[in-house]
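Colleague: sequence and predicted structure, then a few things I'm wondering about:
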Amino acid sequence: MAVKRPRRSEPTVPSPAAMEPAATTPLTGALAPEQGLQTGEYLTTAQGLRLSDTDHSLKAGPRGPSLLEDFHLREKITHFDHERIPERVVHARGAAAHGVFRAYGSAASVTKARFLAEEGKETPVFVRFSTVLGSRGSADTVRDTRGFAVKFYTDQGNVDLVGNNIPVFFIQDGIKFPDIIHAGKPHPDREIPQAQSAHDTFWDFVSLHTEATHHVFWNMSDRGIPRSYRTMEGFGVHTFRLVDADGGTHLVKFHWKPVAGVHSLVWEEAQIAAGVDPDFHRRDLADAIDAGAFLEYELGIQVMPDSAEETFEGIDLLDPTKIVPEELAPVQPIGLLTLNRNPDNYHAEVEQVAFHTGHLVPGIEVTNDPLMQARLFSYLDTQLTRLGGPNFPQLPINRPHAPVNDNLRDGMHQTAVHRGIAPYLPNSLAGAEGPAPASAPEGGFVHVPRLVEGAKVRANPVSFDDHFSQPAMFYASLSEVERIHLTEAFTFELGKCYEQAIRERMLGVLANVDAGLAARVAAGLGLPAPAGTPVPEVAVSAALSQITGVPGPIAGRVVGVVAGPKADLAGIGKLRDALTAQGALLRVIAPHGGELVKGLRKEIIERTLLTTRSIEYDAVLIAGGAGDLADVKLTVLLQEAFRHAKAIGAWGDGVQALRTAGIDVEAPGILLADGMTAAYRKQLVTALGLHRVWARTPQVMAAAA
Ligand code: HDE
């Protein structure tokens, strides 16, 4: 039945115009849907007034005071004064990219969520990577957990998978989040140190709060300093409940597996990068996408049966400090994520994107994990301050691609011009345009009915009390090199604490995980080996080590080639072709800027010995013909690359420059050849694919001792 739309007030005197629908003034300017901002060829004020001068304020004479009436000066400065919005309370430092998610269809057996279940279905995504502790301007390569937040713009509504690069969390209950973050952030009195966990308050909390031990082990491992976002795993952390088309449920953990493999920096390299190039990761992300070397990750799920206990093989699936080893529940690939477009505007997109764990579609539900439950409150709440009110879903980066028909109205920064007079339900006035609730077959979100009962308590299940068996499994599963890195990381971080009691308490925690580790860290701190009760039987999960010994793809890798005026430019050209064919980059480094020219060949010098540092490269080579190069900056470059276990090489007489820089050319991973041959290029590609020459570690350590 068509419902008559009443006027707010009936005209008292009917006029001929009231008999016919009046022609209304067409919508123009910002109200017209097609009208974007920043159009027209002249500079204007925010009101569209053309400006004749934006460089001089209005003054009483060229040497006189500025006049209050200068509306342009006041508008320009006032807007500038308010350009910044509050940074995120955590994960403030971030970088992001657009891309696409393509479903394999293999998830159809466990979920009805169309973007996961339908084979070949493509969904646009926006992914923001971040560090946790540092402020917006802090360095990328600090030791920290990384955020891995994915917004899927599905045709059923937005879904956010707000994960990290570490599969467990510091706390089991969200109520403790302010405590761990207050402990990790800079000290409140002097606001130092920035973006670091190597300080007293962090280790004070962690040593008193042993459920953080597992997460801390991952942080102190190489996972805390990823090589790039491209080589980082992502995890949903919590257990989710997936619902299939028949209403059947499974408990599931989400994993992002980088196609490029999981690789990290070494600690000295990360520290150098923090000073030399604080934008190391975001630059790498943007440069790689610009170069067409897109980032790829497979989405995978571990599928566990749903049960009343919500446990699997003795592991409590509601405990976010526990993983399910991949050997017990293999990660099954369900789709491919490709990041292929840089944002156009950092503020509009990266800063204003708002993720929320409660953004779900039918087929994905949350569980009672008490950490997740608190997150469901926090993410919406935080945007009210950060983005200035409840209308942040209208910001372009947050807008769903699915039709929106809500009854949410008004509020700060309302940009929609809602029509109609009945934004409420039930109503009889909105007619066919008004929204109506959808049933499950119509795509409505209907929660799986689950019985909830229990006494009202502030308590954890007993199974949450085991804090050490999984860190012990993690440590036992690492390779020797990774264990060395982890031991050094603990020794570094505790060595930065001033309070002896905190160091000793933390050594006691380590002793409950592994006595050998605790003793080695204690020795590094000059303290006696602590007593503890190590985990009696330690399981091993091979999937936890990131060193596989199998060369992976080299897309996004960077090779530095040092060259001088007499360098073999033909050889450099052949190498560049081979590398770019696989998505890797070659940069020429020379003593000075400009070009290198030899006959018809020309090479642009992208870096000089003054403007570069070893951290930019995954491998460093000396070109044939450049053997006479000798410079202390080249020595530093090569010595750092040697210490950081990177492939180093030379062809032709380039080997001479390696020797001059004091490089042991007999050491593992030093690639030498008479000329730039195909075999040499292959050797280099394999070395890059292996990421580092770990066989050099003993030599590096012996030199450091
Ligand atoms: Fe977050 N977290 N978090 N978190 N989180 C935020 O939301 C919070 C947790 C994660 O790139 C905030 O919009 C609480 C776990 C990422 O924009 C805030 C708790 C995991 C990002 C917030 C957690 C995460 C955030 C800050 C404990 C991994 C960056 C600004 C209950 C699974 C998202 C914002 C982006 C951001 C709260 C725990 C990941 C304050 C209360 C566990 C990747 O709402």
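Modeller: It's in.
Colleague: just give the number of residues close to residue 292.
Modeller: The tally of other residues near residue 292 (other C-beta atoms under 10 Å) stands at 10. Heads up, the C-betas are built off the backbone N, CA and C, glycines and all.
Colleague: got the contact list for it?
Modeller: The contact partners of residue 292, taken as C-beta atoms under 8 Å, 6 or more residues apart in numbering, are residue 583.
Colleague: quick one: it is in a helix?
Modeller: No: counting by DSSP: H, G, I helix; E, B strand; the rest coil, residue 292 falls outside a helix, being coil.
Colleague: just checking, what packs against the strand or helix carrying residue 494?
Modeller: Following DSSP states H and E, one finds residue 494 within helix 480-495. Packing contacts for helix 480-495, counted by 3 or more C-beta pairs under 8 Å, 6 or more residues apart in numbering; DSSP states H and E, involve helix 213-220, helix 267-276, helix 500-511, helix 515-525, helix 697-704.
Colleague: turn these into JSON lines, columns for distance to residue 372.
Modeller: Compiled in JSON lines, the helices and strands packed on helix 480-495 are given as follows (distance: least, C-beta to C-beta, whole Å):
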{"stretch": "helix 213-220", "distance to residue 372": "15"}
{"stretch": "helix 267-276", "distance to residue 372": "31"}
{"stretch": "helix 500-511", "distance to residue 372": "26"}
{"stretch": "helix 515-525", "distance to residue 372": "31"}
{"stretch": "helix 697-704", "distance to residue 372": "39"}
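Colleague: among the ones you listed, which is nearest the ligand?
Modeller: Of all the helices and strands packed on helix 480-495, helix 213-220 sits nearest to the ligand, with 9.4 Å by C-beta to the nearest ligand atom.
Colleague: list the contacts of the closest one.
Modeller: Residues outside helix 213-220 that contact it (C-beta under 8 Å, 6+ apart): 143-145, 166-170, 197, 206, 224, 321-322, 467-468, 470-471, 474-475, 486, 489-490, 493, 509, 512-513.
Colleague: mind checking which of those residues land in helices?
Modeller: Among those, the ones falling in helices (DSSP state H) are 206, 470, 471, 474, 475, 486, 489, 490, 493, 509.
Colleague: these: which ones sit near the ligand?
Modeller: Among the ones in helices among the contacts of helix 213-220, no residue sits close to the ligand (C-beta under 6 Å from any ligand atom).
Colleague: just give me the closest of the residues you listed to residue 659.
Modeller: Checking the ones in helices among the contacts of helix 213-220 against residue 659 with C-beta to C-beta, the nearest one is residue 489 at 33.5 Å.
Colleague: what's the end-to-end length of stretch 636-650?
Modeller: Taking C-alpha to C-alpha, to the nearest Å as the measure, stretch 636-650 stretches 16 Å from start to finish.
Colleague: how far away from the center of its chain is it?
Modeller: Relative to its chain's centre, stretch 636-650 lies at 28 Å (C-alpha atoms, centre = their mean, to the nearest Å).
Colleague: how far away is residue 207 from the ligand?
Modeller: To the ligand, residue 207 is 21 Å away according to C-beta to the nearest ligand atom, to the nearest Å.
Colleague: who's in contact with that residue?
Modeller: Residue 207 makes contact with 502, 505, 506, 508, 509, according to C-beta under 8 Å, 6+ apart.
Colleague: what about these, which one has the most neighbours?
Modeller: Counting neighbours by other C-beta under 10 Å, residue 506 leads those with 25 neighbours.
Colleague: where does this structure dip in pLDDT?
Modeller: Across the chain, residues meeting the criterion (pLDDT under 70) sit at 1-36, 433, 705.
Colleague: interface residues of the protein facing the ligand?
Modeller: So the chain meets the ligand at 88-91, 94, 128, 130, 147, 149, 162-164, 169, 174, 177, 237, 353-355, 371, 374-375, 378-379, 382 (C-beta under 6 Å from any ligand atom).
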